[in-house]
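In: all I have is the shape, not the residue letters:
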């Protein structure tokens, strides 16, 4: 878009001296390097106007309300470059109208990165800055918190979403494949989910009750030793089998499969596991083919731990056995895990709640 694209109506345009333009371009670059993207955008708007772009055209280019562009240009005409810098406002903040509240909520839903911030975490000062930029109002951070609650926002921990997952494949599994597997389980057949987990000697930390001002402390060894375990759970009976190995590979996985086979033969088995590389090893596939008359293996969609009924058991194990624990020796960790796993085997009702979504 150039000057020839401007509408026939007269638009008020800035006419900058060459040195002034160079100074503004330099200030824009400095603002960008310093992370002040809102200030850089204001300088950009002034430079575009000097090129002949109208407020409406600049608004379309920068994705900013036209009223904001006009305000920036007017501020520059009155106060020069200082009028484009960040300012501070005090006193009781004016109320945002319902329309402006909707715009603010949409910005927050899009996330900080989409708006131009480097951080992915919304903070009250950041939201206050947006309110000033977009609506020309100064809000103290305490007022921002109150406003966010009024808009229906709360502080939350994000849920991890594996980027390698295929939503179409996951939907097909949930709507067609897995229901078909369950329907094919004739009376007496076992429906099993398998998974692996590694538990470090330096345990995971979790929130707990403690006296105010007395933050709990958990000693750590600094060693990277861990206990690795294969496990499988039967969906309808909650029967749980586990097996320790020093590493996860095709050889150790085959040893675990043999243990499971001895526990279930000759019952028909529908066995579901993920797409770990050793699950697809040629020796493992040969084993499945040899057992195909009574053993039916199925692969989960890639990167879909939420579709594995065995996955919640590891969370249960950490919550009831290893969170906030100090293990001086890896053997202590091994003993703790074994006691917990055996308690699940003797009282499977404690894990039935995790399995109900898969039944």
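Out: Sure, I can see it. Just so it is clear, the structure is predicted and the values come from calculations on it, not from any experiment.
In: mind listing what's buried in the longest strand along the chain?
Out: Longest strand in the chain by number of residues (criterion: DSSP state E): strand 190-200. Neighbour-count burial for strand 190-200 flags 190, 191, 192, 193, 194, 195, 196, 197, 199, 200 (criterion: 16 or more other CB atoms under 10 Å). Backbone N, C-alpha and C define where each C-beta goes, glycine included.
In: what about the nearest residue to residue 294 once chain neighbours are set aside, neighbour count?
Out: Among residues not flanking residue 294 along the chain, residue 268 sits closest, at 5.3 Å (CB to CB, 6 or more residues apart in numbering). Burial measure for residue 268: 18 neighbouring residues, criterion other CB atoms under 10 Å.
In: against residue 186, how distant is residue 268?
Out: Distance of residue 268 to residue 186, given as CB to CB, to the nearest Å: 7 Å.
In: got any ranges where this structure has weak pLDDT?
Out: Residues of the chain meeting the criterion pLDDT under 70: 1-12, 34, 86-94.
In: so where do the strands sit in it?
Out: With strands called from DSSP E, the chain shows them at 190-200, 226-234, 240-245, 269-273, 295-299.
In: in the second one, what counts as buried?
Out: Buried residues in strand 226-234, counted by 16+ other CB under 10 Å: 227, 229, 230, 231, 232, 233, 234.
In: and for it, what's in contact with it?
Out: Residues from elsewhere that reach strand 226-234 (CB atoms under 8 Å, 6 or more residues apart in numbering): 190-201, 239-248, 252-253, 256, 260, 271, 309-310, 313-314, 330, 333-334, 337, 341, 351, 355.
In: which residue ranges make up the domains of the chain?
Out: 3-84, 98-150, 167-210+220-358 (automatic domain parsing).
In: I'd like those as CSV, with distance to residue 161 appended.
Out: Listed next are the domains of the chain as CSV, based on distance: least, CB to CB, whole Å:
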stretch, distance to residue 161
domain 3-84, 26
domain 98-150, 13
domain 167-210+220-358, 9
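In: for residue 160, which of those domains is the nearest?
Out: Each of those has some distance to residue 160 by CB to CB; the shortest is domain 167-210+220-358, at 9.4 Å.
In: tell me how far that closest one lies from the chain's centre.
Out: 24 Å (CA atoms, centre = their mean, to the nearest Å).
In: and the end-to-end length of it?
Out: With CA to CA, to the nearest Å as the measure, the ends of domain 167-210+220-358 fall 19 Å from one another.
In: same question, stretch 214-228
Out: 34 Å.
In: show me what counts as buried in that stretch.
Out: Going by neighbour count (16+ other CB under 10 Å), the buried part of stretch 214-228 is residue 227.
In: any chance you could list what contacts stretch 108-122?
Out: For stretch 108-122, the external contacting residues (CB under 8 Å, 6+ apart) are 35, 37, 38, 41, 107, 126, 127, 130, 148, 151, 153.
In: so what's the fifth one up against?
Out: Yep, that's residue 107 we're talking about. Residues near residue 107 by CB under 8 Å, 6+ apart: 115, 130, 134.
In: quick one: residue 296 from residue 285, how far?
Out: Relative to residue 285, residue 296 is positioned 13 Å away (CB to CB).
In: who has more neighbours out of the two?
Out: residue 296 (18 against 13).
In: the closest residue to residue 174 other than its chain neighbours: what's it in contact with?
Out: Leaving out its chain neighbours, the residue that sits closest to residue 174 by CB to CB, 6+ apart is residue 307, at 7.0 Å. Taking CB under 8 Å, 6+ apart, we find residue 307 in contact with 170, 173, 174, 178, 300, 301.
In: out of those residues, who's the most crowded?
Out: Counting neighbours by other CB under 10 Å, residue 300 leads the contacts of residue 307 with 23 neighbours.
In: quick one, phi psi at it?
Out: When read as degrees, to the nearest 10, the backbone of residue 300 gives phi -70, psi 160.
In: ok, it touching residue 170?
Out: No - using CB atoms under 8 Å, residue 300 is not in contact with residue 170, being 9.0 Å away.
In: neighbours of residue 338, how many?
Out: Quick note: residue 338 (other CB under 10 Å) scores 15 neighbours.
In: distance of it from residue 96?
Out: Residue 338 sits 58 Å away from residue 96, going by CB to CB.
In: want to throw the buried residues of strand 226-234 into TSV with distance to residue 276?
Out: Compiled in TSV, the buried residues of strand 226-234 are given as follows (distance: CB to CB, whole Å):
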residue	distance to residue 276
227	18
229	14
230	11
231	14
232	14
233	17
234	20
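In: pick the one among those closest to residue 279.
Out: Distances from residue 279 to the buried residues of strand 226-234, taken by CB to CB, are shortest for residue 230, at 11.0 Å.
In: show me the contacts for the nearest residue to the closest one once chain neighbours are set aside.
Out: Spatially, and ignoring its direct neighbours in sequence, residue 230 is nearest to residue 256 (4.1 Å; CB to CB, 6+ apart). By CB under 8 Å, 6+ apart, residue 256 lies in contact with 230, 243, 245.
In: again, only using 10 Å
Out: By CB atoms under 10 Å, 6 or more residues apart in numbering, residue 256 lies in contact with 194, 196, 229, 230, 231, 232, 241, 242, 243, 244, 245, 248.
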